[in-house]
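Q: Predicted model and sequence below, questions to follow.
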Amino acid sequence: MTKLRVAIQKSGRLHDDSVKLLKECGIDIHNGVNKLKTEASNFPLEVFFLRDDDIPQYIEDGVADAGIVGENVVLEKQKQVNEVEKLGFGRCRLSVAVGKGFDYQSCKDLNGLRIATSYPVIVKDFLGRNDIKADIHEISGSVEIAPGIGLSEAICDLVSSGSTLFMNGLKEVEVILNSEAMLISNQNLSKGPEQLLQKLLFRIKAVKKAKNNKYILLNAPNDKLDAICKLLPGMKSPTVLPLADEGWSSVHSVVNENDFWDIIENLKANGAQGILVVPIEKMIL
Ligand code: PRT
Ligand code: ZN
C-alpha cells in the first residue's frame with residue numbers, strides 16, 4: 001500500500017509542534033525514544049525523524065516525500081523542493097547583529113566587516129543585493145559568541161525573543177528574513193503519495209483555519225437582530241434560534257481572531273448579551 005513518508009525534526013524546536021500538528025490532523029503516531037521512523041496507526045503515513053538541516057536533501061532525493069522545516073533552512077539549503085504551506089509555528093527572524101556600542105546607521109556600515117553565521121548562502125545573497133563587501137565566516141553553532149572572542153565584528157543568526165543577543169552584548173540591526181515552519185515536498189511525487197499529500201494538506205488547512213477563528217454564541221433582542229447579524233457574517237450567515245424568552249433570539253456564528261475584540265464591542269453596543277466564545281477544533285469551508 002502507498003504511504004506518504006514525512007520527515008520531521010528528530011529533536012529540537014520544531015519537533016513537538018510538528019508532532020502536535022499531525023495529531024491535530026487526526027494522525028496517530030507513537031514516537032519511540034531514539035527511533036528513526038515510525039508508522040501512523042490510522043493514516044497511510046510514515047514519519048522519519050531527522051536533523052532539520054538534512055530534511056531538504058532527503059526530500060529532493062525522494063527518500064522522503066514531504067517534510068516540516070523552517071523557511072530559513074529551505075532557503076539556505078537551496079534544494080529542489082516544493083514549498084507547500086506555511087504552518088504558523090517556529091516563528092523567528094534571521095538578523096544581523098553588532099556590538100551594542102557600534103554606531104550603526106545603515107547596512108553600508110557592514111562593508112569590510114567579518115560576519116559570523118551558520119547561514120552563508122542567505123547572508124551572501126543579502127550582501128550581494130545591497131552591494132556590500134564583507135567577509136562571511138561560517139560557523140555551525142554558538143554564533144553569538146563570535147564578536148566576544150574576536151572572531152568577527154558582526155553576526156547573522158536566528159532571533160526570537162532577542163535575549164541571546166542581549167546577554168552577549170549585541171544589538172539587532174537588520175532583519176534579513178522572517179521565518180516559520182513550512183511543509184515542503186518532493187517535486188516529482190507519483191500519483192499515490194501526491195494524493196495522500198493533498199489529503200494531509202486539506203486537514204492542515206482545516207486545523208489552521210480553526211485556530212484563526214472562534215465560535216461565538218450570544219443572546220440578542222429581536223429588534224436588534226438585523227444590526228447584530230450584519231456584524232457577524234459567519235461562514236454563510238449566522239444561525240438564529242428563538243429563545244424561550246419572548247422577544248429574544250440566540251445567535252451563533254464564527255468570527256476571525258483578528259477582528260474579534262472590535263466585533264465584541266460593536267455587539268455589546270447593539271444590545272447583545274450573554275456572549276460566549278468557544279474554540280473551534282476543525283473548520284472546513
Ligand atoms: O538538531 P537539529 O539540527 O535538527 O536542530 P538545530 O539545532 O539546527 O535547530 P533548532 O532546534 O535550534 O531550531 C530548529 C528551527 O526552529 C530553526 O531552523 C528555526 O526555523 C526555528 N527557530 C525558531 C529557531 C528559533 N526560533 C531560535 N530562537 N531556531 C533557533 N533559535 C536559536 C537561535 O539560533 C539563537 O541561538 O535561539 C537563539 C535565539 O533565541 P532568543 O529567544 O534568545 O532570541
Ligand atoms: Zn539543524
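A: Nice, thanks for sending it over. Owing to the predicted nature of the structure, the values given are computational and were not obtained by experimental measurement. Numbering: from 1, shown residues only. Ligands and ions are numbered 1, 2, ... in the order given.
Q: residues from the protein in reach of ligand 2?
A: Residues of the chain lying close to ligand 2 (Cβ under 5 Å from the ion) are 52, 53. Glycine gets a C-beta too; all of them are placed from N, C-alpha and C.
Q: Residue ranges of each domain in the chain, please.
A: 4-89+180-210, 92-179, 213-279 (automatic domain parsing).
Q: near ligand 1 at all, the first one?
A: Think domain 4-89+180-210. Yes - contact of domain 4-89+180-210 with ligand 1 (Cβ under 6 Å from any ligand atom) involves 9, 12, 13, 14, 51, 52, 53, 70, 72, 73.
Q: any chance of the domains of the chain in JSON lines, plus distance to residue 285, mean pLDDT and mean neighbour count?
A: Converted to JSON lines, the domains of the chain look like this (distance: least, Cβ to Cβ, whole Å; pLDDT from 0 to 100; neighbours: other Cβ atoms under 10 Å):
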{"stretch": "domain 4-89+180-210", "distance to residue 285": "7", "mean pLDDT": "96", "mean neighbour count": "18"}
{"stretch": "domain 92-179", "distance to residue 285": "27", "mean pLDDT": "98", "mean neighbour count": "17"}
{"stretch": "domain 213-279", "distance to residue 285": "6", "mean pLDDT": "92", "mean neighbour count": "15"}
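Q: helices and strands around the strand or helix carrying residue 59, which ones?
A: Using DSSP states H and E, residue 59 sits within helix 55-60. Counting contacts by 3 or more Cβ pairs under 8 Å, 6 or more residues apart in numbering; DSSP states H and E, helix 55-60 is packed against strand 4-9, strand 66-70, helix 71-77, strand 181-185.
Q: 10 Å instead, please
A: strand 4-9, strand 45-50, strand 66-70, helix 71-77, strand 181-185 (3 or more Cβ pairs under 10 Å, 6 or more residues apart in numbering; DSSP states H and E).
Q: Now distance to residue 35 too, for these, in a markdown table please.
A: Output for the helices and strands packed on helix 55-60, formatted as a markdown table (distance: least, Cβ to Cβ, whole Å):
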| stretch | distance to residue 35 |
| --- | --- |
| strand 4-9 | 12 |
| strand 45-50 | 7 |
| strand 66-70 | 17 |
| helix 71-77 | 22 |
| strand 181-185 | 21 |
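Q: among the ones you listed, which is nearest residue 284?
A: Of all the helices and strands packed on helix 55-60, strand 181-185 sits nearest to residue 284, with 18.4 Å by Cβ to Cβ.
Q: Just say helix, strand or coil for the residue positioned nearest the centre of the chain.
A: In the chain, the residue lying closest to the centroid (Cα atoms, centre = their mean) is residue 88, at 2.3 Å. Of the three states, residue 88 takes coil under DSSP: H, G, I helix; E, B strand; the rest coil.
Q: how near is it to residue 17?
A: 9 Å (Cβ to Cβ, to the nearest Å).
Q: now do residue 25
A: Distance from residue 25 to residue 17, by Cβ to Cβ: 13 Å.
Q: And the residue of the stretch 101-250 of the chain closest to ligand 2?
A: Among the residues of the stretch 101-250 of the chain, residue 118 lies closest to ligand 2, at 8.4 Å counting by Cβ to the ion.
Q: For that residue, give me its contacts.
A: With contacts defined as Cβ atoms under 10 Å, 6 or more residues apart in numbering, residue 118 is in contact with 53, 72, 76, 94, 138-143, 155-158.
Q: 7 Å instead?
A: 138, 139, 140, 143 (Cβ atoms under 7 Å, 6 or more residues apart in numbering).
Q: ditto for residue 178
A: Residue 178 touches residue 93, counting by Cβ under 7 Å, 6+ apart.
Q: Find the helix or strand that it is a member of.
A: Per DSSP H and E: strand 170-179 holds residue 178.
Q: try residue 101
A: With DSSP H and E as the test, residue 101 turns up in no helix or strand.
Q: Same question for residue 215.
A: Using DSSP H and E, residue 215 falls in strand 213-221.
Q: which outside residues touch that strand?
A: Here strand 213-221 makes contact (Cβ under 7 Å, 6+ apart) with 228, 243, 247-257, 260, 267, 271-280, 283.
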